[in-house]
Structure formats: C-alpha cells, structure tokens
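Student: only geometry, no sequence info:
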C-alpha cells in the first residue's frame, strides 16, 4: 500500500538487491530440508502497519506452524507486484480487486485468494475549512491523484462532474500544507497524521463511500493455485490469524516494523493501527473478526460492472475466474 511516507535508504538498497537476486528465477516453492515450503510475498510498499498482519504471522511463527517459510519482499516506488508475481518471482502479492480485473484484461493470469481489507482506506483529504464536503462538491476543483485513478473516473461519471482538474499526486503533503484549497488523494491511515503533526486540521472522505468499493486482496497466479492449492490455503489461514492478532495487539509487530523501516515512528504506527482496527477496514462490519479475509461474488461482480461501464477493461474477462472463495473457511 503506497503512502506519502519517506523511503529509507536501507529499504531501497534491500529492494534493489532483491530485484537482482530474483531476476529470471521462477519460483517453484520446493520443500526445504527443514520441511518448510519457501513462499515469497511481494508487498505493495515498504514495511508498514498496513501490512501488519503478515508480519505478525511471520514474527509469531504462524506461517511456520503451517509448514511455510515466508519471505517479505518490499516494493520500490515504481515496482509492480503484478509483474513480479506473474513472472513467478514471488508466489503471492498484495493488490486490490479492481486491479486483479484490470490486470487479467491485460493478459496477466492472476487470481485473488483472500481479502486483506474489506474496504480500501484510500480517501481524499481537504483542509478543515474547505467547501468540499462530498463528492459533488469536487466540481470546479483540482485534485492531486495518481494518473489514471479509476475511482476518480467513477466519481466523475456517477456525480456528473465536468469541471474537475486532475494533477499528478506527489509522495508528499508539502503542496497540501501550503495551499488551503488543495485536494489530495491519500490513505486515511497515513497522510492525516502528518498534516495534524504540522498543525493543519483536515477532513477526509473515504473513496468507498462514493460506491466504488473494491477489496484489497492477496493474489497469486492461476497456475500456482492449480499446482499448490494446499500452500495457498495454509498461507491464507496463517495470514488471517496474523491479522486477528495484530488488531488485538499491534505493539510487538510495530516494534519490528520500526526496525525494518526506520522512516516510521511510534506515534505514526499507533495512529495507523487505530483506524485499521476501529474503522473496520480489515474486519468489515463484524468486529469479532469472523469476516476477515472473506470475499463475496456480489462484491466482485459490482466492481466488474463498474470497470466495464468505465471502459477500463481491455479484453474479455470472466469475473468469476478472478477470485477463489475456497481458501477462507
């Protein structure tokens, strides 16, 4: 999950080293001498609390209890988890359900095996006194968002907006802090912390509240599922267990993440963990955690229909083949 956090040099060096090490090496997931199947998980950014459940599962031995030796691979700024997994250089990756549909329409045979988050924490952030209080209010405003942001295309169509200017998003909130009229796409778990730390009160509007509500997911290739369904089931089971424990007690994992990514700080980690727990991003509407990891065919179909209506998909796609519900019981 990309965010506007500074990137530690050590993490960049690690990512570059991993890229050279893995280049051209297709993952086979053999059993090691210790009896553990090696599994590579391609993260969607550098280590951070938004990935806390996976690091908890690794730290507390949940993966090992399932017979897996899991390695986490950081993703540099311009890396592609889809390409890494599709090429076999990692077994699993982190992404979103709309990405899975789009990637498949572009010829990448990827399949989601579990939901990491029931709802995406991406949002727009405005200053406290901004006139923007709902998506309709974006008319006539400029928004900083990634080029080709699908959610923005959806919002423009749904709310019949014609005078919204988009500028490229930057990995910083410096422009936001300097301009009271600035509107920026952010993660609700990240950028508001830095704005408030700078003494700037803000408001946020979750993108999911617009009706565009894809899952964040764990994915692999269809070949991997066909050949290693048992490994996929064990990976998903241990990851869900890790997320439940992280939400219960994030501090031990946050201490580990701080060592792996010195650009973090304890206050920031605490801030991030709270909405992950209290906002239902991981658990959905069931605070008991029973829905953690679960997906539904209806949600996938809704996202598929939205992408289809926007002309996002580049080829024929069978949405039912883009996910599997068999790994979350």
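Tutor: Thanks, I have the structure now. What you are looking at is a predicted structure, and each value in this text was computed from that prediction instead of being measured.
Student: going forward, measure contacts and count neighbours with C-alpha atoms only.
Tutor: Fine.
Student: Residue 113 in helix, strand or coil?
Tutor: In the three-state summary, residue 113 is assigned as strand, counting by DSSP: H, G, I helix; E, B strand; the rest coil.
Student: What about it, how many residues nearby?
Tutor: When counting by other CA atoms under 10 Å, one arrives at 27 neighbours for residue 113.
Student: surely residue 169 meets residue 145?
Tutor: Yes - assessed by CA atoms under 8 Å, residue 169 is found in contact with residue 145 at 4.5 Å.
Student: ranges for the strands of the stretch 151-300 of the chain?
Tutor: Assigned strands in the stretch 151-300 of the chain, in chain order: 165-168, 183-187, 202-206, 216-221 (criterion: DSSP state E, counting those that start in this stretch).
Student: List the neighbours of the first one that are in contact with it.
Tutor: So that's strand 165-168. Counting contacts by CA atoms under 8 Å, 6 or more residues apart in numbering, the residues outside strand 165-168 that touch it are 140, 141, 142, 143, 144, 145, 146, 147.
Student: Phi and psi next, for the second one.
Tutor: This means residue 141. According to degrees, to the nearest 10, the main-chain angles of residue 141 amount to phi -110, psi 160.
Student: Let me see the contact set for it.
Tutor: Applying CA under 8 Å, 6+ apart, one finds that residue 141 lies in contact with 163, 164, 165, 183.
Student: The same query, at a cut-off of 6 Å, please.
Tutor: Residues counted as contacts of residue 141 (CA atoms under 6 Å, 6 or more residues apart in numbering) are residue 164.
Student: mind starting the numbering at 23 from now?
Tutor: With the count now opening at 23, the last piece we talked about shows up as residue 163.
Student: tell me the pLDDT at it?
Tutor: On pLDDT, residue 163 comes in at 97.
Student: How about the fifth one?
Tutor: Reported pLDDT at residue 166 in the predicted model: 98.
Student: What does residue 117 show for phi and psi?
Tutor: With angles defined as degrees, to the nearest 10, residue 117 shows backbone torsions of phi -160, psi -150.
Student: what about residue 191 and residue 167, which has more around it?
Tutor: When neighbours are counted by other CA under 10 Å, residue 167 comes out ahead of the other of residue 191 and residue 167, with 19 against 16.
Student: out of the strands of the stretch 173-322 of the chain, deepest packed?
Tutor: strand 238-243 (a mean of 27; mean count of other CA atoms under 10 Å).
Student: So what are the sheet partners of it and their directions?
Tutor: Strand 238-243 has its sheet partners listed here by DSSP bridges as strand 114-118 (antiparallel), strand 132-139 (antiparallel).
Student: as a whole number, average confidence for it?
Tutor: For strand 238-243, the mean pLDDT works out to 98.
Student: Could you list the low-confidence segments of the stretch 23-172 of the chain?
Tutor: Residue ranges of the stretch 23-172 of the chain with pLDDT under 70: 23-55.
Student: quick one: the helices in the stretch 173-322 of the chain?
Tutor: Secondary structure of the stretch 173-322 of the chain by DSSP state H, counting those that start in this stretch: the helices cover 196-200, 213-219, 244-249, 251-270, 273-282, 288-300, 319-332.
Student: Throw those into CSV and include mean neighbour count and distance to residue 126, thanks.
Tutor: Rendered in CSV, the data for the helices of the stretch 173-322 of the chain read as follows (neighbours: other CA atoms under 10 Å; distance: least, CA to CA, whole Å):
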stretch, mean neighbour count, distance to residue 126
helix 196-200, 14, 35
helix 213-219, 17, 31
helix 244-249, 16, 11
helix 251-270, 21, 19
helix 273-282, 17, 32
helix 288-300, 17, 29
helix 319-332, 16, 12
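Student: Select, out of the ones you listed, the one closest to residue 69.
Tutor: Using CA to CA as the measure, helix 273-282 is the one of the helices of the stretch 173-322 of the chain that comes nearest residue 69, at 6.1 Å.
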